[in-house]
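Asker: Return atomic coordinates for the entry below.
(chains A, B, C and D)
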2 protein chains.
Amino acid sequence: MPKTKLSNADPTILAAVADYFKVLSEVSRLQILTHLRSGPMNVMELSDATGLGQANLSKHLKVLTQAGILSRSPKGTSAYYEIVDPVIFKFCDLACDRISDRVLQQAASFAKLQSRS
Amino acid sequence: MPKTKLSNADPTILAAVADYFKVLSEVSRLQILTHLRSGPMNVMELSDATGLGQANLSKHLKVLTQAGILSRSPKGTSAYYEIVDPVIFKFCDLACDRISDRVLQQAASFAKLQSRS
DNA sequence: CTTGTCCCTAACTATGTAGTTATCTAACCG
DNA sequence: CGGTTAGATAACTACATAGTTAGGGACAAG
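Answerer: Sure thing, here's the model as predicted:
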C-alpha cells in the first residue's frame, strides 16, 4: 500500500484525524490562524487583534501548538507564535469550497420551492 | 480577488468553516464515512458495520446529510445513505499526512531526549 | 530588592453534544 | 385490520470544553 491513509478503519488513526479536525473546528482558533497569516505575533498583539481574553487565548495557542500547527518562540517576556504549517490554509480553502457549493445548492433548492408555490 | 476564501476574517465564513470541521471531528462519523466508502448502505447495515446504536447512528447520519456530505434515499422501509462528496477523503488524507508528520517529528524529538539522558 | 509587564496555569461555570432509552411514524405482511 | 420491522425523534445523562476569574512565575526596569 502507498500510505496508510484512512482507507482502513483503524480506530487509532480515526481518532487522530478526528482530533485534528477538532482543533480546526472552533471559530476562535480559526480567527487566530487568519491573523497569524500575515506573520508571527505575540499574545498581546493577538489579543488585541482577535478580541479574545488573554487566558482563553493562551489555551487556544497551546492547543494549536500541540497539534503542530503553530510554533512558540519566547522573546524576552513575551511569546511569539507563528504558523508552522501553511498547508492548513489549503484545508480551510477546501472547506470553503465545500460550503459554498452547499450554500449554492441550498439556494437553488429554495428557489425551486419558491417557484412551485 | 480570485475567491473569497478565508483570507479575510469574516466571522460568518469562519463559523461556517468551523462547523464543517466540527462535523468531521467525531470518530463515529469518520467511521460511518469509511464504511460508506465502498458504496451505499442502509441504517441497519451501518449499525452492524460500525457497532453504533440505531438512534445514535440516525443522529450522526442527519448531521452528515445536513452538511452535504451524505445523501439519503428511502427504499421501502429502509433508508440508504451514500457519500455525495468524495472530496472529503482528500480532506482526511491531508489530515493523515499532517498527523504522521507530527508523529514522526515527535518521535525524533523524543529520541533526541532519550540520547541526551 | 521592588515594581510592573507578559504570559501560563488552575479552578470554576455554562453550554454543547455523544450516547442511551423509550416512543413514534411509516412502510410491508399476514 | 393488526403485527412487524426500519428508521426518526424526544428526553435524559454524562462528559468535554470554551470562556472567565484569580493567581503564579519569568523577565525587564528602576
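Asker: all contacts plus neighbour counts: C-alpha atoms, from now on.
Answerer: Fine.
Asker: so who does residue A:99 touch?
Answerer: Applying Cα atoms under 8 Å, 6 or more residues apart in numbering or on different chains to residue A:99 gives the contacts B:16, B:17, B:20.
Asker: now, among the residues you listed, which is nearest to residue B:60?
Answerer: Nearest to residue B:60, judged by Cα to Cα, of the contacts of residue A:99 is residue B:20 at 13.6 Å.
Asker: Show the contacting residues for the closest one.
Answerer: A:25, A:95, A:99, B:67.
Asker: The helix-or-strand element of chain A with minimal mean pLDDT vs helix B:87-116, what angle?
Answerer: For chain A, counting by mean pLDDT, DSSP states H and E, helix A:87-116 ranks last in confidence among helices and strands (a mean of 74). Computed by axes from the mean of the first three to the mean of the last three Cα atoms, to 10 degrees, the angle separating helix A:87-116 from helix B:87-116 equals 160 degrees.
Asker: quick one: buried residues of helix A:87-116?
Answerer: A:88, A:89, A:91, A:92, A:93, A:94, A:95, A:96, A:97, A:98, A:99, A:102 (16 or more other Cα atoms under 10 Å in any protein chain shown).
Asker: From those residues, pick the one nearest residue B:72.
Answerer: Of all the buried residues of helix A:87-116, residue B:72 sits closest to residue A:102, with 15.4 Å by Cα to Cα.
Asker: The closest one contacts residue B:68, correct?
Answerer: Yes: in this structure, residue A:102 is within contact of residue B:68 by Cα atoms under 8 Å, at 6.2 Å.
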